[in-house]
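A.B. asks: Show me the folded form of this:
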Amino acid sequence: MFREACGQNSGGIYGTLSSTQLGNSRTWCNGTGFMIAPGILATAAHCIHVENNSDNPVHQRFNVISASDIGKPLESAYLIGEDCIRDVALLKIDNARSTKSLFLDSDFVDKGAAFGTLGFPLSTTKFLSTGTEFNLVERFQSAYISAVINETLSSGKILSTYETNNLMYAGSSGCPGFLVNGNIFGMLVGTRINTNTINGKKNTEQVAISLWVPSIDIINFAKKSGIKLE
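C.D. replies: A predicted model of the protein is given here:
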């Protein structure tokens with residue numbers, strides 16, 4: 001069902017490596033990003049922060065590579081801006097090898113719609129004396145749209161989030177979700193966590209629901225950041 005959509009989008013999806021040197025040690029985070037305009041990548045904001053926590057400092061260095069370039073040197077990128085409330089960040093690659101951009105659909109998707117996603121979950125990184133070893137495999141996953149949840153902030157602004165009916169592989173943050181026609185409807189940013197209290201003790205439970213930022217929010221943030229989308 002999604003074979004053509006995978007071929008359509010694959011070249012615009014990137015593995016991301018955010019890293020920081022702390023004395024004699026290094027901390028890093030692997031994720032996925034996708035090109036929304038020539039040289040501009042959208043990714044999950046928490047992936048650009050130390051320990052994947054948006055309350056922590058932003059990483060010092062960003063490197064990326066597309067699926068078609070695996071085996072070549074990593075490309076350098078830098079942060080344009082982030083919206084921590086929506087968990088969206090924008091990175092820029094100067095003189096990018098490719099300018100293949102994915103199409104962001106501004107319309108909302110109905111419940112029950114099937115979708116696919118491509119990205120680089122389960123990736124690993126080693127920093128060696130000979131250079132960085134960034135081990136990537138582009139993986140396809142699929143599920144269905146189960147709900148659109150609306151949350152009203154204290155400011156009165158309404159935030160919409162897609163819920164989908166499967167957990168994605170670990171490390172899938174930043175993966176774009178696309179319909180059968182290849183259009184991007186959103187970006188994976190997390191999973192549903194339920195909290196309950198048993199015998200006075202608070203417990204958390206990960207539910208088999210993935211959370212996605214709608215494409216319209218990425219579009220709006222890109223435009224606010226001065227990015228012209230095609």
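
A.B. asks: separation between the residue lying closest to Asn63 once chain neighbours are set aside and Thr20?
C.D. replies: Of all residues not flanking Asn63 in the chain, Leu74 sits nearest, at 4.0 Å (C-beta to C-beta, 6 or more residues apart in numbering). All C-beta atoms are positioned from the backbone trio N, CA, C, and that covers glycine. Going from Leu74 to Thr20 by C-beta to C-beta, to the nearest Å gives 16 Å.

A.B. asks: pretty sure the residue nearest to Asn63 contacts Glu133?
C.D. replies: No: counting by C-beta atoms under 8 Å, Leu74 stays clear of Glu133, with 10.6 Å between them.

A.B. asks: So which of these two has more stuff around it?
C.D. replies: Leu74 (17 against 10; other C-beta atoms under 10 Å).

A.B. asks: Find the least confident helix or strand in the protein, judged by mean pLDDT.
C.D. replies: The weakest-scoring helix or strand in the chain, judged by mean pLDDT, DSSP states H and E, is strand 201-214 (a mean of 77).

A.B. asks: Confirm Ser106 sits in a helix?
C.D. replies: No: the assignment for Ser106, made by DSSP: H, G, I helix; E, B strand; the rest coil, is coil rather than a helix.

A.B. asks: Please name the residues that touch it.
C.D. replies: Contact analysis of Ser106 by C-beta atoms under 8 Å, 6 or more residues apart in numbering lists Ser215, Ile216, Ile219.

A.B. asks: Check the gap between the residue nearest to Leu159 when sequence neighbours are not counted and Phe2 for me.
C.D. replies: Spatial nearest neighbour of Leu159, chain neighbours left out: Glu151 (4.8 Å); criterion: C-beta to C-beta, 6+ apart. Computed as C-beta to C-beta, the Glu151 to Phe2 distance reads 30 Å.

A.B. asks: Which stretches in the protein count as helices?
C.D. replies: 3-9, 215-224 (DSSP state H).

A.B. asks: how about JSON lines for these, with mean pLDDT added?
C.D. replies: Shown next, in JSON lines, are the helices of the chain (pLDDT from 0 to 100):
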{"stretch": "helix 3-9", "mean pLDDT": "96"}
{"stretch": "helix 215-224", "mean pLDDT": "97"}
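
A.B. asks: among those helices, which is nearest Pro121?
C.D. replies: helix 3-9 (15.2 Å; C-beta to C-beta).

A.B. asks: Give me the contacts around the closest one.
C.D. replies: With C-beta under 8 Å, 6+ apart, helix 3-9 has contacts from Phe34, Leu102, Gly116, Leu118, Phe140, Pro176, Phe178, Leu179, Val180, Asn181, Gly182, Ile184.
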